[in-house]
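>>> A predicted structure for the sequence below; I have some questions about it.
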Amino acid sequence: MNAGLGEVCLGWSFASGPADPGPPPARPDPEPADRLDPGWIRAQVRIFRVAARPVRAGIAAGAGVAALSGGAWLTGLVTPGPAVSGVLAGGAAAATCAVRALAGRSKLAAVIAAERRRVETARAAQFRLLDARQREHASSYRAWQRRRAVFERQPAWFAVTLPEGLDRVDVAGGTQAGWSALVTTIAAPLLNAGGEVTVLDLSETAVAAELTRVAQQAGLPPLVWTLPADLARLDIGTGLNVQALADILALAAGEAAGADRAGAGRSDSVAADAAADCALLEHVIGVIGPDPAIASVNAALRVLADVGNPRDDMRSGLLTAEHIERLGKLFRRGAAERMVLERAFTLETRLRRLEALGTVDPPAPDELTRLRVVALDRRAGVIGNRMLGTYLVATLTHMLRQAERGRRWTHTIFVLGAERIGSDMLDRLGHACETSATGLVLAFRSIPPGVRERLGRGSAAIAFMRLGNGDDARAASELIGSEHRFVLAQLTESVGMSLTDTWGDSYTTTVGTSGSIGDALTVGSGRGGSRGRGRLRQGFGPFGDFNASSSRDSNHSVSVSDAVSLTAGINSGSSWGMSLSRALGGNASLGRTAQRSRELLVEADELQRLPPTAMIVSYPSPDGRVVTLADANPALMNVPGAMP
């Protein structure tokens, strides 16, 4: 589907119509035609000859008597009277036998002629019967062609698109394969239409690996950072003023501290701590100077917390003697000193994982880069990834708040694994996206109470995918409404079953400066990869300070076993649509793959066994809330009968 900017396709909905007419009627085969058998004729001739032996003997005997009588008369052995009588008697006997021989020959010819007429009559009857059957077959074939034309013209799959006015999609539940299919289905048409896509993959499962492969094949080199390995080349958040940097670092530190309550409401004490941290960081950054490195900020916090040796930081160039002197005079001694020491120590322990941020100069921009992926490596520490995720969301929120309002969904942001981020921070991100008209897709693997009360809030659509937890499934069933009944297509059921527990992906980073050579690196699920250097683009959607570039390859292997040979379509990695449509289109039994598979009611157990690419989409409309079943498999956009 070639969607334009602002048009968001979430998936495809199967519409059952006229049944597939099946294969064409078989052409009638002609039966073996009767023919005059030469063997039978030879047998009749042999019978005639056997039966005619006495007649032939009589002819010979009569002729012999006549000849002997005539010879005896001529030689004078007998008188003329007996000789004439012998000649006449022998001739009469030979003539009589000859007449009988001719009669037998005529009878043989008549028998053969009758058989020839019978064979010709039978063949004429067979030809008439075959002609009638062929005319009946031609009529049946024309009727089959009409039914086939009606079946092929009917759209079997309809695109499920977001209506105007919705700027957010909340995805509840789902598997790695399902999220990968959904991200590819939404982002690929937007990239082809000239839009920009940013993916924050906090799930640590390389969900966007398939999308990066699709972008590479489309000639759009993706820009990918795998953190913390690429933290030095990640310049998001660099170049901010004192207030903005202090605000982001305070929010990131506060959210990381309360991440065990992610999805729940934040207390007033946490908000107060964030305000105090922001004030402390503003003072510290003001001492160091504008646009400081995170490592210098942490070094200053260590001075305030009286941790470590300041001379080490001086030798490393993070601080100067003047900085240390000013930091010592920053806060008066007394009751405030202990509070400052504690807060500085806490901030330093939380922010030290960001010290490598932006320590390498950004590469040259690439005008073709419209896809940016920032992913967390599952092999890194849990606390470190938590800090990186909250920092990314906080910084992205600040950038969106400073951006000018554009056209809806021209820039789209995916946050995968959003349940790991605090609800307050997600609320701020959603508000920033709404004010800047940036599309936002939040994917939650689980739906704790804090997430549950925010699903669909405002102008948002909800997509419920497979839910593994029974409590989450029951909550989703209540949110959707158990009165809805849906029909799963056989294609959705078959492909979904084959994708279960067979998905594996990895990111391969190629971020760096132009012309240099990188070392080997494997990131993600453990599959092999390589990292090189390339030209990169500066700019982050509507912003101008998110610059880096990369290209990634993912090792993807999913097998499908079905009656219509879907294996090639799913095994081909990023060629979802092209290969799957080839496999389906070349099989005469295509219709059977799109027939209804089973009906389901919106109940908890049904939501727990949805196919990975199936989802129940719910969004508001002027006529009430619309609830529909969709398939996020991106291959369906190229299946015959799909209507955009």
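Happy to help now that I have it.

>>> Residue 375 and residue 210: what is the separation?
From residue 375 across to residue 210, the span is 13 Å (Cβ to Cβ, to the nearest Å). C-beta here means a position set from N, CA and C on the backbone, and glycine is covered the same way.

>>> so residue 124 is in which element?
helix 80-153 (DSSP states H and E).

>>> quick one: buried residues of the helix or strand following that helix?
Using DSSP H and E, the next helix or strand after helix 80-153 towards the C-terminus is strand 157-161. If you call a residue buried by 16 or more other Cβ atoms under 10 Å, then strand 157-161 has these buried ones: 157, 158, 159, 160.

>>> check contacts around the closest residue in space to residue 380 that isn't next to it in sequence.
Spatial nearest neighbour of residue 380, chain neighbours left out: residue 228 (5.4 Å); criterion: Cβ to Cβ, 6 or more residues apart in numbering. Each residue near residue 228 by Cβ atoms under 8 Å, 6 or more residues apart in numbering is listed here: 353, 356, 377, 380, 384, 385, 388.

>>> Among these, which are located in helices?
Among the contacts of residue 228, the residues falling in helices (DSSP state H) are 384, 385, 388.

>>> which SSE is the residue nearest to residue 249 when sequence neighbours are not counted in?
In space, and not counting its chain neighbours, residue 249 is closest to residue 281: 5.5 Å by Cβ to Cβ, 6+ apart. When elements are assigned from DSSP H and E, residue 281 belongs to helix 268-288.

>>> Tell me the confidence at the residue of the chain most remote from its centre?
Largest separation from the mean C-alpha position in the chain: residue 79, at 121.1 Å (Cα atoms, centre = their mean). Residue 79 is assigned 76 on the pLDDT scale.

>>> for the residue lying closest to it once chain neighbours are set aside, phi and psi?
In space, and not counting its chain neighbours, residue 79 is closest to residue 73: 7.8 Å by Cβ to Cβ, 6+ apart. Taking degrees, to the nearest 10, you get phi -70, psi -40 for the backbone angles of residue 73.

>>> residues near residue 73, how many?
18 (other Cβ atoms under 10 Å).

>>> next one: residue 471
13.

>>> I'd like to know the phi and psi angles of residue 198, please.
According to degrees, to the nearest 10, residue 198 has phi -120, psi 130.

>>> Isn't it up against residue 370?
No - using Cβ atoms under 8 Å, residue 198 is not in contact with residue 370; the gap is 9.6 Å.

>>> Quick one: the helices in the stretch 151-300 of the chain, in order.
176-192, 209-217, 242-257, 268-288, 294-305 (DSSP state H, counting those that start in this stretch).

>>> how many degrees apart are the third one and helix 294-305 in direction?
It refers to helix 242-257. Using axes from the mean of the first three to the mean of the last three Cα atoms, to 10 degrees, the inter-axis angle of helix 242-257 relative to helix 294-305 is 80 degrees.

>>> Next one: the residue nearest to residue 249 from residue 228, what distance?
Residue 281 is 22 Å from residue 228, by Cβ to Cβ.

>>> mind giving me CSV with the contacts of residue 228 and columns for pLDDT and neighbour count?
Shown next, in CSV, are the contacts of residue 228 (pLDDT from 0 to 100; neighbours: other Cβ atoms under 10 Å):
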residue, pLDDT, neighbour count
353, 85, 24
356, 86, 19
377, 89, 21
380, 83, 17
384, 84, 18
385, 88, 23
388, 90, 25
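
>>> For residue 453, grab the count of nearby residues.
14.

>>> hang on, residue 374 packs against residue 197?
No - under the criterion of Cβ under 8 Å, residue 374 makes no contact with residue 197, lying 11.9 Å away.

>>> Which one's more surrounded, these two?
With neighbours defined as other Cβ under 10 Å, residue 374 and residue 197 compare such that residue 197 has more, 27 against 24.

>>> Just the pLDDT at the more buried one, thanks.
94.

>>> ok, now which ones touch it?
187, 190, 191, 211, 370, 371, 372, 411, 412, 413, 414.

>>> rerun at 6 Å
187, 190, 191, 371, 412 (Cβ atoms under 6 Å, 6 or more residues apart in numbering).

>>> Next one: the third one relative to residue 214, how far apart?
This means residue 191. Counting by Cβ to Cβ - residue 191 and residue 214 are separated by 8 Å.

>>> These two - which one has more neighbours?
A direct count of neighbours by other Cβ under 10 Å for residue 191 and residue 214 places residue 214 higher, at 24 against 19.

>>> show me where the stretch 301-450 of the chain has strands.
According to DSSP state E, counting those that start in this stretch, the stretch 301-450 of the chain carries its strands in the segments 371-376, 411-416, 439-444.

>>> right, and those strands - which one's nearest residue 399?
Between residue 399 and the strands of the stretch 301-450 of the chain, the tightest spacing by Cβ to Cβ is seen for strand 411-416, at 10.3 Å.

>>> That closest one vs strand 371-376, what angle?
20 degrees.

>>> from memory residue 166 sits against residue 463, does it?
No - assessed by Cβ atoms under 6 Å, residue 166 is found out of contact with residue 463, at 11.8 Å.
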